[in-house]
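Participant: Please find the sequence and the predicted model below.
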Amino acid sequence: MKKIGIYVVTLLFVMATACIPEEKIEKLTLNKQELVATFTGDASKDFNETIEIATGNGQYEITSENEKIATARVVKNVISIRFNSSGETRISIKDKVSGEELKIKVVVNLPFSVATTETTLHVGASKSIAITSGNGSYEVVGGDEKIVATTFSSTTSTTTAIVFKGKEEGSTTVKIKDKTSQEVVEVKVVVQLLKLEFSIKEEVFEFAPNCSESSFQIFGSGEYELMMDNPNIDASLAVDEIGTKIIFNAKGKTEGKLTVRDLETNFEKSIKIKSLEDFVVNIGTDKTEIKTWSKVTYKVAKGYDYPIKVLKGSGNYEISTSNSTVAEVSNDNNGMKFTTKDLGQVNIVMIDKANPCLKIEIGIEVVNMDKKLQLETDKIQIQEGYLSFIRIISGNGNYAVESTNPSIVSASVEEDFIQIETNAVGKATLTVTDLKTNEKKSLEIDVIKALKPLILEPSSISVHKGKTEEAIILSGNDSYSVSSVNPSVATANISGQKVVVTGNAKGNTTIKVVDNETKHEFAIAVSVIEVIPDVKFSVREFNIKKGKTESTVQIVSGSGFYSIASSNPDIARASQSRGVLYIHSSYREGEAVLTVTDTRTGKTDTLRVIVSDGERLALDKTEVTVLKGQEVAVVITSGSGDYSFSIQHAYASAEINGNLLTIKGSQRGNTIITVTDRRTHIKAEIKVTVLNQIGDVKFSVRELRLKKGETNSSVSVHSGSGAYSFGTSDSKVAYSFRSRGVLYIYAANSGRATITVTDAQTGKTDVLNVIVDGAPDLVLSTGIISIEYPKSANVLIISGSGSYRVTESNGRIVSAALIGSTLNLKTYAAGESFVTVEDTVTKQTKVVRVNVTEPVVDVPFELSHNQLFIWGTVGSNYVNEDTVAWISITSGSGDYEIIKNELGDLITVKIVQNSIRIESTRNETKEGVITIRDKKTKKTASIDVRVGMVVN
């Protein structure tokens, strides 16, 4: 039964299949295969466009080549496409039944739009409008080119802005077309005429330095460039409540041309600038300069005339007083002055009529001002020939001075100083009188001898034990004492202008030389070197009779520690004690050589000993030196009387006559002559040195010119034997000495003297003429010095005669006093003064410029803020951004400088009074630090600056 059921089912399925008809396959077609649209970015729509499938088989697969541009889906027979961004892509649709595939080209454009459709600009100026959306390629299709010129600003591949430049006044509508989408945008452009104007109408602007009215307003775009053809006139821009103004200052009376350029419109305007002479005065004896717009106050005494001295001005002035009962004013041929009448306060006003701007106002308080007379000191010590100043600390302004002994000290009053001039050594008293109150003060003056500094050369010496070396006293006061820290090592003594050091034992010590006048001390470092001389016998050969006799020979040099050996002890032997050699002979005749060895140095010497039966052969000389062509005699002091001789080399000849041997030099060289006793056969040797003829001794120069106090080492002696002695005709003018083989000539005083050299061998002489003109040139350690009040400072006199005089141009600012060769400068007020140093011997002068500065006040140095952001500068074709910033200096001394700028030329930094102006120079991103320093307090402050790049 189961099998029958299966067969039936199978039969029914086959029959049913055979009854289904075959379906038709359709071709895939679309109603369009290209789609061009504009991308709006509307997120509310799921899909933007649709395409219908005209024919197909109902089952499809759809893909996009670039889904960032477009995506698609298919529902039944409708393809829906969504635009995601601008660009071009392809949509692929595939019929799953037929396998057929079609592609749809999709082009998506961006809409064309700009940041604004209206803009206003000035003739000559440019302005840009950003293109907020578009397809990158544009053209101008409408607008009046006479009114405005239109261009485009682009990056490397994309146009980013429309740039308008005003040509003439008017308005027009500029039409811009997107070449890709063919869309057109209209921009209304209004061009206005902006003139560059000054607040003054005059063709010449006159101003005075330090005048508060030395500026005028400028009207234009607000961004300007100033061009001044005279570097002595300074023009700068500043912003006030009205707008922008130009501020002027100048270095004295001058004139020039200023050209102002409007950076937006490029319009230029010029004006002649003329700087007037400033108005500057001082009051009475006060040297303080009072300038235009200064407001100063003085306390003055009742009943006095106070002249007003005009230092700078036009020559035509006006003076007035606010209260004539307190002070009257006058202006006549003798100039301006005011006279105090009564106690009280009053304002004195002076105006230079050349310009009402030139105004000076002085506040006067009239008081009783009689002061007690007070001097800086009541006693002082000054060197002879020097000039000094004593300050009158308190008094009533009019003084007299009198000296008890004008031959020693003379004096005069210079404002608030007593000028003291010393004429001779001694003591005197000055009496200073206040002529208003008749009060007197005494000043004791002790004039001492002018002293020189103690200077020796060299400052260190090496000397052999038992020998001497010298140091030269180059400068001092003629009376010295000398001592040794360790006399066992070295001692010293004074010989004229020399310190003679003797080495006593190996070691180091210090020799101290003291100038007895000044008590100044000079130390010489001494090192003593021990040198043991070679061991040496007193003779080279010794004769002794046979028969065990004893004789002695001296060991003349060596350490004192020796050993003795004999080459033939059977003939002669020896012993030694304390440098004496004891020789013992035998009963046999013959010769032996005795050798002495220094056990410390290892060096040796030999002695030839001859033992004979008769009288020994002996000569009075064993070494001779003879000149070529000349003779020398040697006496045979003992022997048999029968002698002969032989000569080793033919540098000399000889002959014997009795007991006299005559040796004659033949040519330069060394030889040995041997004398033989024919009877005893004993020999003796003579060492002969033959020299060429010695030339006449001569100085290297005939005349030498020196200055007083100078030591010369350039003169030498030629063509002599080398053994010389020296003398001088006048040691008070000049003398010579030798140290380490060098000849020194010292100029002691002005005048003439002769130095004579004598050859010790020939006796011949030569003369050097020495002329001493005076002291060496006056040389100071500096010619310019800056001192902060109330400090003092020193200037050294490097060289000169030792006798000087000093004067000051302004003793109210600085006084000068000489202490030895040191110029001591004492300050009293800020300002400038000149100190003149005169060498009273040579009459040379040197001037020291002294600048006394105000004391540094410890004020804080603070800025309004320490961080700053500015935009980069991108040029006139772009919308102007905030590229300039100002930072205020809220606390400081008033004098500042820029010491660091890490941003380099990307920004410009300028200090304008108490503000710092920072401006970018190009469009770039960078960060860095600017450091400003207060010149007086040396304090610093930093600003962190960041420059941002403008992107359009």
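Facilitator: Now that the structure is in, tell me what you want to look at.
Participant: Could you pull out the helices in the stretch 51-200 of the chain for me?
Facilitator: Along the stretch 51-200 of the chain, no segments are classed as helices by DSSP state H, counting those that start in this stretch.
Participant: residue ranges for the strands of it, please.
Facilitator: Using DSSP state E, counting those that start in this stretch, the strands assigned to the stretch 51-200 of the chain run over residues 60-64, 70-75, 78-83, 87-95, 101-109, 113-114, 118-122, 126-133, 138-142, 148-154, 159-166, 170-178, 184-192, 197-198.
Participant: which residues touch the last one?
Facilitator: With contact meaning C-beta atoms under 8 Å, 6 or more residues apart in numbering, strand 197-198 is reached by 216, 217, 218, 219, 220, 260, 269, 271. The way it works is simple: take the backbone N, C-alpha and C, and place the C-beta from them, glycine included.
Participant: Count the neighbours of residue 812 for me.
Facilitator: 19 (other C-beta atoms under 10 Å).
Participant: My reading is that it is in a strand; is that accurate?
Facilitator: No. Assessed with DSSP: H, G, I helix; E, B strand; the rest coil, residue 812 is coil; it does not lie in a strand.
Participant: ok so, going back, can you select the buried ones from the contacts of strand 197-198 in ChimeraX?
Facilitator: The ChimeraX command for the buried members of the contacts of strand 197-198 (criterion: 16 or more other C-beta atoms under 10 Å) is given here:
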select :216,218,220,260,269,271
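Participant: Would you tell me which one of the contacts of strand 197-198 comes nearest to residue 433?
Facilitator: Residue 433 has its nearest neighbour among these in residue 216, at 58.1 Å by C-beta to C-beta.
Participant: Can you give the strand pairings for the strand or helix carrying the closest one, parallel or anti for each?
Facilitator: Assigned by DSSP states H and E, residue 216 belongs to strand 215-219. Here strand 215-219 is paired, per DSSP bridges, with strand 197-198 (antiparallel), strand 244-250 (antiparallel).
Participant: After that strand, which helix or strand is next? Please name it.
Facilitator: strand 224-228.
Participant: before we move on, what SS does residue 905 have?
Facilitator: Judged by three-state DSSP, the three-state class of residue 905 is helix.
Participant: Surely it and residue 921 touch.
Facilitator: Yes. Assessed by C-beta atoms under 8 Å, residue 905 is found in contact with residue 921 at 6.2 Å.
Participant: Between these two, tell me which one has more neighbours.
Facilitator: Higher neighbour count among residue 905 and residue 921: residue 921, with 15 against 8, using other C-beta under 10 Å.
Participant: And the pLDDT at that one?
Facilitator: Here, the pLDDT recorded for residue 921 equals 88.
Participant: check contacts around it.
Facilitator: Applying C-beta under 8 Å, 6+ apart, one finds that residue 921 lies in contact with 873, 905, 906, 907, 908.
Participant: Would you check that the last one makes contact with residue 918?
Facilitator: Read it as residue 908. Yes. Using C-beta under 8 Å, residue 908 makes contact with residue 918 at a distance of 7.4 Å.
Participant: Tell me which of the two has more neighbours.
Facilitator: Of the pair residue 908 and residue 918, residue 918 is the one with more neighbours under other C-beta under 10 Å, namely 21 against 13.
Participant: which residues pair with the more buried one across the strands?
Facilitator: For residue 918, the beta-bridge partners under DSSP bridges are residue 885, residue 909.
Participant: Does it touch residue 884 like I think?
Facilitator: Yes. Using C-beta under 8 Å, residue 918 is in contact with residue 884, at 7.2 Å.
Participant: Give me the common contacts of those two.
Facilitator: Residues touching both residue 918 and residue 884 (C-beta under 8 Å, 6+ apart) are residue 870.
Participant: Pick the most buried one from the strands paired with strand 215-219.
Facilitator: Counting by mean count of other C-beta atoms under 10 Å, strand 244-250 has the highest mean neighbour count of the strands paired with strand 215-219, with a mean of 19.
Participant: Now do it: distance to the chain's middle.
Facilitator: 35 Å (C-alpha atoms, centre = their mean, to the nearest Å).
Participant: Residue 473 touches residue 495, doesn't it?
Facilitator: No. Counting by C-beta under 8 Å, residue 473 stays clear of residue 495, with 10.0 Å between them.
Participant: of these two, who's got more company?
Facilitator: Neighbour tally, residue 473 and residue 495, criterion other C-beta under 10 Å: the higher count belongs to residue 473, 22 against 10.
Participant: can you list contacts of the helix or strand containing that one?
Facilitator: If you go by DSSP H and E, residue 473 is part of strand 468-475. The contact list for strand 468-475 (C-beta under 8 Å, 6+ apart) reads 452-459, 461-463, 480, 497-503, 511, 513, 524, 709, 711, 737, 739-740, 744, 746, 802.
Participant: Now, of those, which are buried?
Facilitator: Buried subset of these (neighbour count, 16+ other C-beta under 10 Å): 452-454, 456, 461, 463, 480, 497-503, 511, 513, 524, 709, 711, 737, 739, 744, 746, 802.
Participant: if we can go back for a sec, now the strands paired with strand 215-219 as CSV including mean pLDDT and distance to residue 593?
Facilitator: Output for these, formatted as CSV (pLDDT from 0 to 100; distance: least, C-beta to C-beta, whole Å):
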stretch, mean pLDDT, distance to residue 593
strand 197-198, 82, 120
strand 244-250, 84, 105
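Participant: can I get those in JSON lines with distance to residue 729?
Facilitator: Compiled in JSON lines, the strands paired with strand 215-219 are given as follows (distance: least, C-beta to C-beta, whole Å):
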{"stretch": "strand 197-198", "distance to residue 729": "87"}
{"stretch": "strand 244-250", "distance to residue 729": "69"}
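Participant: what's the closest of these to residue 530?
Facilitator: Going by C-beta to C-beta, the one of the strands paired with strand 215-219 nearest residue 530 is strand 244-250, 78.5 Å.
Participant: and the next element down the chain from that closest one?
Facilitator: strand 254-262.
Participant: The helix or strand immediately after that following strand in the chain: partners in the sheet, and parallel or antiparallel?
Facilitator: Going down the chain from strand 254-262, the next helix or strand is strand 268-275, by DSSP H and E. Strand 268-275 sits in its sheet next to strand 204-207 (parallel), strand 254-262 (antiparallel), going by DSSP bridges.
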